[in-house]
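Participant: Next input, structure requested:
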Amino acid sequence: MKAPRVSVVIPCYNSAPYVTQAIRSVLAQTYDDYEIILVDDGSTDDLIAALNPVINKIRYVKQNNAGTAAARNRGFHEATGSLIAFLDADDLWLPNKLELQVAELDVHTEVDVLHTSWISYLPDGSLRPFIKAPLDPMGEAQRIILSNCVMTSSVLIRRSSLEGVGGFRESILGPEDLDLWLRLTAAGSVFGTLEEPVTIYRILEESKTRQHCSSPEISAVIRSFFDSNTLPPALTDLRDLALGRSELSRARGYLLQGDMEGFKRQIASASQLLALDSQVVPEVATMILPDDLIDMDRGAECAISASMLEHRINEIGRSVAEACAVEIDRVKDLLRVVLVHRLQSAMRCKTAIAMALYGLLHSKYAKPTFAKSALRSACRIWARTAVEHSDHSTECYLARQTIDYCAASDV
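Facilitator: Numbers count the residues shown, from 1 in each chain. The predicted model follows:
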């Protein structure tokens with residue numbers, strides 16, 4: 001029998017409530033030259049019962065619990081396809097995902113790893129698209145180093161590239177995916193981006209805080225990448241920026257957990273690597289705004305007020321000032337300026353946000369010179385809501401249909 005061209009590897013550990021939905025999203029693909037390999041990484045829940053409706057559609061492999069990296073490697077070694085796709089057991093694909101990716105790799109034979117934009121499926125059932133513009137190969141490498149922009153469930157990779165670096169390193173727990181992308185980059189693999197958001201990334205309630213946290217292992221992985229490889233200057237020069245952003249990501253995690261001492265500790269570490277005015281403070285400003293406003297592709301109509309923002313500026317600005325040993329007024333003024341630009345950039349801002357922008361800048365706390373620009377900005381934002389609709393509503397509609405199908409349909 002001819003081997004399928006694509007092997008879909010699904011690592012699974014105690015994911016009984018979601019895994020059949022993931023499998024159904026593969027079975028719904030418009031591209032059908034694939035096999036599904038599910039690796040049960042020592043699950044202790046009722047996985048077998050959950051798999052019963054689809055068990056004859058997959059190749060089931062069981063192993064003792066060894067972690068996600070080991071499960072992915074096991075699936076890869078069991079695979080027969082020349083292209084390998086990874087899908088986490090709680091994520092899903094839109095029906096045209098594989099068709100688009102295979103076609104793209106056929107045209108762009110120089111690309112080794114093709115990943116996609118995605119749509120986040122939030123615990124409250126809402127959807128938030130994350131769209132990545134295609135870049136040249138060097139720009140893609142920089143983006144991977146600085147932001148780990150590759151979502152594993154979106155990847156389609158050539159077997160030869162994966163074999164060349166030995167797959168995932170099983171000794172790394174957590175950022176094993178980032179480690180793989182960096183090793184592939186160092187080995188000369190070319191990454192490509194599919195702009196269409198054809199992957200659905202499910203964010204579970206228990207992972208809402210964890211998704212913002214960056215473990216010490218991530219910094220170790222980044223250091224190893226720079227210290228163990230001969231890289232072109234354009235990448236070598238990113239070392240401090242990459243490590244500093246890792247520290248800021250950890251700071252965000254501590255802030256979400258309410259651990260202000262941990263937050264200050266990571267801010268202090270970041271300030272040793274990054275410029276306070278142009279790098280540290282802008283990132284801290286994103287921690288002040290509500291999550292649904294940070295995603296500029298989605299835009300938001302959220303409860304936000306000048307007083308709330310000013311309270312957060314005072315609270316977080318004080319911690320940043322203490323961590324970096326600078327005047328608190330300097331930090332607060334910098335935060336206000338950055339927040340202005342963030343709010344101005346938010347797409348489809350509603351009247352409440354526009355007025356909050358005006359109120360923030362026209363308040364007694366802000367410099368008087370801000371007032372006129374604040375009023376103009378508020379009016380501009382208010383006016384353009386009627387004409388700007390860059391919300392990727394089509395993809396969100398398809399994502400909603402896919403979620404409903406995978407949750408309810410019979411195979």
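Participant: could you show me where the strands are in the stretch 1-150 of the chain, in order?
Facilitator: Assigned by DSSP state E, counting those that start in this stretch, the strands in the stretch 1-150 of the chain fall at 6-12, 34-41, 59-63, 83-86, 92-93, 113-121, 127-130.
Participant: mean confidence score for stretch 199-210?
Facilitator: Averaged across stretch 199-210, the pLDDT comes to 74.
Participant: Name the next helix or strand following whatever helix or strand residue 241 lives in along the chain.
Facilitator: In this structure, residue 241 sits in helix 239-256 according to DSSP states H and E. Next along the chain after helix 239-256, taking DSSP H and E as the criterion, comes helix 260-271.
Participant: got the angle between that following helix and helix 239-256?
Facilitator: Inter-element angle recorded for helix 260-271 and helix 239-256: 170 degrees (by axes from the mean of the first three to the mean of the last three C-alpha atoms, to 10 degrees).
Participant: if I pick the closest residue in space to residue 162 that isn't next to it in sequence, what's in contact with it?
Facilitator: Using C-beta to C-beta, 6 or more residues apart in numbering and skipping residues adjacent in sequence, the residue nearest residue 162 is residue 84, 5.9 Å away. Heads up, the C-betas are built off the backbone N, CA and C, glycines and all. By C-beta atoms under 8 Å, 6 or more residues apart in numbering, residue 84 lies in contact with 6-7, 9, 76, 156-159, 162.
Participant: filter those to the buried ones?
Facilitator: 6-7, 9, 76, 156-158, 162 (16 or more other C-beta atoms under 10 Å).
Participant: what's the farthest-apart pair in the residues you listed?
Facilitator: Greatest spatial distance in the buried ones among the contacts of residue 84: 9 and 158, 14.2 Å, computed using C-beta to C-beta.
Participant: buried ones in whichever strand or helix holds residue 316?
Facilitator: Assigned by DSSP H and E, residue 316 belongs to helix 306-324. By neighbour count with 16+ other C-beta under 10 Å, helix 306-324 contains the buried residues 306, 309-310, 312-313, 316-317, 319-321, 323-324.
Participant: Output the below-cut-off pLDDT ranges for the stretch 251-400 of the chain.
Facilitator: The model of the stretch 251-400 of the chain has pLDDT under 70 over residues 289-307, 340-400.
Participant: rerun that using 90 as the cut-off
Facilitator: 252-258, 276-279, 281-315, 329-330, 332-400 (pLDDT under 90).
Participant: which secondary structure elements does the helix holding residue 316 contact?
Facilitator: The contact analysis (3 or more C-beta pairs under 8 Å, 6 or more residues apart in numbering; DSSP states H and E) places helix 306-324 against helix 260-271, helix 281-288, helix 328-345, helix 351-362.
Participant: Give me the distance from it to the chain's centre.
Facilitator: Chain-centre distance of helix 306-324: 26 Å, with C-alpha atoms, centre = their mean, to the nearest Å.
Participant: any low-confidence regions in the stretch 51-200 of the chain?
Facilitator: 122-149, 172-175, 188, 195.
Participant: hmm, 80 instead?
Facilitator: 131-141, 147 (pLDDT under 80).
Participant: where do the helices sit along it?
Facilitator: With DSSP state H, counting those that start in this stretch as the criterion, the stretch 51-200 of the chain has helices at 68-78, 97-107, 137-147, 159-165, 176-186.
Participant: helices or strands next to whatever helix or strand residue 225 lives in in the packing?
Facilitator: Taking DSSP H and E as the criterion, residue 225 maps to helix 216-228. If you count contacts as 3+ C-beta pairs under 8 Å, 6+ apart, helix 216-228 packs onto helix 176-186, helix 239-256.
Participant: what helices or strands is the first one leaning on?
Facilitator: If you count contacts as 3+ C-beta pairs under 8 Å, 6+ apart, helix 176-186 packs onto helix 137-147, helix 159-165, strand 191-202, helix 216-228.
Participant: So residue 403 sits against residue 90, correct?
Facilitator: No - between residue 403 and residue 90 there is no contact under C-beta atoms under 8 Å: 11.7 Å.
Participant: returning to what we had before: quick one: which of the helices of the stretch 51-200 of the chain is nearest residue 27?
Facilitator: The nearest among those, by C-beta to C-beta, is helix 97-107 at 11.4 Å.
Participant: Could you list the buried residues of the closest one?
Facilitator: Buried residues in helix 97-107 (16+ other C-beta under 10 Å): 97-98, 100-102, 104-105.
Participant: CSV for the residues you listed, including distance to residue 287?
Facilitator: Below are those laid out as CSV (distance: C-beta to C-beta, whole Å):
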residue, distance to residue 287
97, 32
98, 37
100, 35
101, 34
102, 39
104, 36
105, 38
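Participant: quick check, nearest of these to residue 119?
Facilitator: residue 97 (11.4 Å).
Participant: Tell me which residues touch the closest one, please.
Facilitator: Neighbours of residue 97 in contact, by C-beta under 8 Å, 6+ apart: 29, 116, 198-199.
Participant: can you check residue 276 too?
Facilitator: So residue 276 contacts 324, 326, 331, 334 (C-beta under 8 Å, 6+ apart).
Participant: Then residue 105?
Facilitator: 83, 111, 114, 156, 158.
Participant: now residue 122
Facilitator: Contacts of residue 122 (C-beta under 8 Å, 6+ apart): 128, 203.
Participant: What's the separation between it and residue 20?
Facilitator: 21 Å (C-beta to C-beta, to the nearest Å).
Participant: next one: residue 150
Facilitator: 26 Å.
Participant: and if you look at residue 104?
Facilitator: 28 Å.
Participant: With residue 244 instead?
Facilitator: The value you get for residue 244 to residue 20, if C-beta to C-beta is used, is 42 Å.
Participant: Same question for residue 159.
Facilitator: Taken as C-beta to C-beta, the span from residue 159 to residue 20 is 27 Å.
Participant: same check, this time on residue 331
Facilitator: Residue 331 is 50 Å from residue 20, by C-beta to C-beta.
Participant: cool, residue 128 as well?
Facilitator: Taking C-beta to C-beta, one finds residue 128 at 24 Å from residue 20.
Participant: circling back to that earlier point, take the contacts of residue 97 and lay them out in CSV including distance to residue 286 and neighbour count.
Facilitator: Compiled in CSV, the contacts of residue 97 are given as follows (distance: C-beta to C-beta, whole Å; neighbours: other C-beta atoms under 10 Å):
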residue, distance to residue 286, neighbour count
29, 36, 18
116, 24, 27
198, 26, 25
199, 23, 27
